[in-house]
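> sequence and computational prediction follow.
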Amino acid sequence: MPVLDGFEECRILKGNPEYRDIPIIFHTARLDVDSITHAFQLGAVDYITKPFNAAELLARVKNQVELHNAKKMLKFVNSSLKKQSELKERRLVSEIEENQKEIIYALTEMVEATSDETGKHIRRVAEYARLLARLHPNLSFEDEEIIYHAAPMHDIGKVSIPGEILHKNGSLTAAETEVMKKHTTNAHEFFKNSERRFMKAADIIATQHHEYWDGNGYPKGLKEQDIHIYGRIVAVADVFDALTHKRQYKHAWTLEAALKYIQERKGVQFDHKTCGTIFRKL
Ligand SMILES: [Fe+2]
Ligand SMILES: [Fe+2]
């Protein structure tokens with residue numbers, strides 16, 4: 001061959017992803033073992049010696065075309081089976097997650113029904129927390145979703161607080177306040193064994209939403225960055241909603257009054273960065 005020999009041409013074709021699957025049959029006068037071995041090493045599938053016999057050539061080509069088509073079909077079936085199983089797996093995961101979310105809401109509705117908090121406090125806290133996570137410069141969309149689905153459980157520990165304390169008319173005694181504070185640590189008992197991301201986030205939120213930025217909160221007196229960002233965000237959302245809605249012991253504050261309170265408490269009770277983000281965006 002004047003410019004390229006058959007070996008070089010085979011090497012080029014096999015090096016090009018567009019042509020590498022085309023079966024190559026060598027038509028050659030060279031019958032030495034080295035040449036034949038070299039051709040197979042380069043990716044040839046067969047060889048025919050010169051001069052050729054037409055019937056043999058057609059039969060060999062036909063075999064290779066059929067083999068090539070069968071391989072292509074197998075590859076296609078494999079890839080569509082893989083896609084189907086991935087799709088099934090994704091559907092299953094999302095169905096399980098949807099079920100988890102529904103269970104979470106059912107549980108939190110139950111807490112809402114037994115707690116001192118009226119109306120749709122739990123759902124509003126979730127909405128506010130998601131919005132704060134969205135405005136936060138360092139949180140991802142995934143964080144937003146996790147916080148949205150975990151925030152409703154922030155007071156789930158109240159299920160184990162005695163009704164006479166939970167529904168008491170008037171202020172709590174010092175001893176009763178201590179019992180009430182336990183709704184944070186009680187919640188940890190529910191979640192501590194779970195490895196699920198929503199449950200882990202719910203654990204953090206339920207145990208840390210009463211911690212203060214300056215370390216004067218409860219249950220652990222955690223300070224500043226030691227309070228997880230999910231806890232810091234839900235702390236703001238929870239108080240904001242409590243202030244702006246009527247409770248047994250207080251009237252609903254105006255939006256301005258609630259924002260003023262949060263502004264005043266930043267760096268004391270609340271993370272000043274989270275608060276700063278709200279006020280910058282308002
Ligand atoms: Fe709480
Ligand atoms: Fe709350």
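Sure, I can see it. Ligands and ions are numbered 1, 2, ... in the order given.

> what's the spacing between residue 236 and residue 260?
Residue 236 sits 14 Å away from residue 260, going by C-beta to C-beta, to the nearest Å. Yep, even glycine has a C-beta here, placed from its N, CA and C like the rest.

> of these two, which one has the most company?
More neighbours surround residue 236 than the other of residue 236 and residue 260, with 24 against 12 (other C-beta atoms under 10 Å).

> need phi/psi at the residue nearest to that one when sequence neighbours are not counted.
Computed as C-beta to C-beta, 6 or more residues apart in numbering, the closest residue to residue 236 that is not its neighbour in sequence is residue 270, at 5.2 Å. Main-chain torsions, residue 270, degrees, to the nearest 10: phi -110, psi 160.

> so residue 270 bridges to which residues?
Note on residue 270: beta-bridge partners by DSSP bridges are residue 266.

> per-residue pLDDT, it?
For residue 270, the pLDDT comes out at 94.

> show the contacting residues for it.
Contacts for residue 270 were tallied using C-beta atoms under 8 Å, 6 or more residues apart in numbering; they are 213, 232, 235, 236, 239, 262.

> tell me which of those is nearest to ligand 2?
Taking C-beta to the ion as the measure, ligand 2 lies nearest residue 239 of the contacts of residue 270, at 8.5 Å.

> next, count neighbours for that closest one.
The number of residues near residue 239, taken as other C-beta under 10 Å, comes to 20.

> just the element for it, please.
According to DSSP states H and E, residue 239 maps onto helix 229-244.

> packing partners for that helix?
Here helix 229-244 touches helix 121-135, helix 141-150, helix 197-208, helix 255-265, helix 272-281, going by 3 or more C-beta pairs under 8 Å, 6 or more residues apart in numbering; DSSP states H and E.

> just to revisit the earlier point, is it possible to get a markdown table of the contacts of residue 270 that adds pLDDT and distance to ligand 2?
Below are the contacts of residue 270 laid out as a markdown table (pLDDT from 0 to 100; distance: C-beta to the ion, whole Å):
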| residue | pLDDT | distance to ligand 2 |
| --- | --- | --- |
| 213 | 95 | 18 |
| 232 | 96 | 15 |
| 235 | 96 | 10 |
| 236 | 95 | 12 |
| 239 | 95 | 8 |
| 262 | 92 | 15 |
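
> make JSON lines out of those and add distance to residue 45.
Output for these, formatted as JSON lines (distance: C-beta to C-beta, whole Å):
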{"residue": "213", "distance to residue 45": "72"}
{"residue": "232", "distance to residue 45": "65"}
{"residue": "235", "distance to residue 45": "69"}
{"residue": "236", "distance to residue 45": "69"}
{"residue": "239", "distance to residue 45": "74"}
{"residue": "262", "distance to residue 45": "74"}
